[in-house]
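Give me a model of this one.
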Amino acid sequence: MKFLRPTHLLCAALLLLPLSGCGVTHIFAPQTVRRGSLMDADALKQLVPGTSSRADVTSVLGSPTAKATFDDNTWIYYSAVTSTRIGRTPGIDSQDILELKFDQGGVLRSITKLDRGDSKEVAMAPGATPSPGSEASFMQQLLGNVGRFTPAGLPGGLGSSGSSPSQGGPGSLAK
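Numbers count the residues shown, from 1 in each chain. This is a model prediction of the structure:
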């Protein structure tokens, strides 16, 4: 059995050294991404319920991420920090929601801060929703259109009335 000489190990290391800069090692590092509105604590101190208006909120926090579905007086700002997990699947590290409520005159009435601890798990409904056409077997779906579409002039095609398109029959373009 031959042993590697120190010169062989040195040559192998010198050959692999340039490859270390090719970005091979970054595929194992998690990528952290900030999503949504940036909510600065100092900026939130500028907003005072009872005195701040919608224009003040927009100038401090920007446009809301969403508005409540049935209430234009409720603005929602969403922020999350996500990072990749095993298998490059995304995972949520932190999540913050800011709910601002206004009165009919556009004056800020309340500020509610929510985080990931306030969230609730949503269970999937059991069963399946039936869809039309799902009764056909795999073979019926695979072979269902065989023979339905034929070129013009052949039985079942455009010229099936006995005349060809060149003779001025139904479906012809000749005049």
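
Please enumerate the strands of this structure.
Here the chain has its strands, by DSSP state E, at 32-36, 66-68, 71-84, 90-102, 108-115.

Looking at these, which is nearest to residue 54?
Of all these, strand 90-102 sits nearest to residue 54, with 6.1 Å by Cβ to Cβ. Every residue, glycine included, has its C-beta placed from N, CA and C.

helices or strands up against the closest one?
Taking 3 or more Cβ pairs under 8 Å, 6 or more residues apart in numbering; DSSP states H and E as contact, the helices and strands that strand 90-102 lies on are helix 54-61, strand 71-84, strand 108-115.

pLDDT below threshold where in this protein?
Applying pLDDT under 70 to the chain picks out residues 1-6, 8-30, 133-134, 149-175.

re earlier: for residue 32, find the nearest of the helices and strands packed on strand 90-102.
Residue 32 lies closest to strand 71-84 among the helices and strands packed on strand 90-102, at 4.5 Å (Cβ to Cβ).

how about stretch 77-86: buried residues?
Buried residues in stretch 77-86, counted by 16 or more other Cβ atoms under 10 Å: 77-80, 82, 84.

Kindly report the same for stretch 58-75.
Neighbour-count burial for stretch 58-75 flags 61, 64-65, 74-75 (criterion: 16+ other Cβ under 10 Å).

now for those residues, which pair is the farthest apart?
Greatest spatial distance in these: 61 and 74, 14.2 Å, computed using Cβ to Cβ.

Send over stretch 46-59 as CSV, restricted to the C-alpha atoms.
These are the backbone C-alpha positions of stretch 46-59, laid out as CSV (Å, rounded to 0.1, in the frame of the first residue of the first chain):
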residue,chain,number,x,y,z
GLN,A,46,-44.2,59.9,17.1
LEU,A,47,-47.7,58.5,16.6
VAL,A,48,-50.1,59.5,19.4
PRO,A,49,-53.6,58.1,19.5
GLY,A,50,-56.2,61.0,19.5
THR,A,51,-53.9,63.5,17.7
SER,A,52,-52.1,61.7,14.8
SER,A,53,-53.9,61.6,11.5
ARG,A,54,-53.7,59.2,8.5
ALA,A,55,-51.3,61.6,6.8
ASP,A,56,-49.0,61.5,9.9
VAL,A,57,-49.1,57.7,9.9
THR,A,58,-48.3,57.5,6.2
SER,A,59,-45.4,59.9,6.6
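
Mind listing residues that contact that stretch?
For stretch 46-59, the external contacting residues (Cβ atoms under 8 Å, 6 or more residues apart in numbering) are 60-61, 75, 100, 102, 106-111.

rerun at 10 Å
40, 43, 60-61, 63-64, 73, 75, 77, 98, 100-103, 105-111 (Cβ atoms under 10 Å, 6 or more residues apart in numbering).

One more: stretch 98-112?
Under Cβ under 10 Å, 6+ apart, the answer for stretch 98-112 is 36-37, 39, 44, 47-57, 61, 64-65, 68, 71-79, 97, 113-114, 118.
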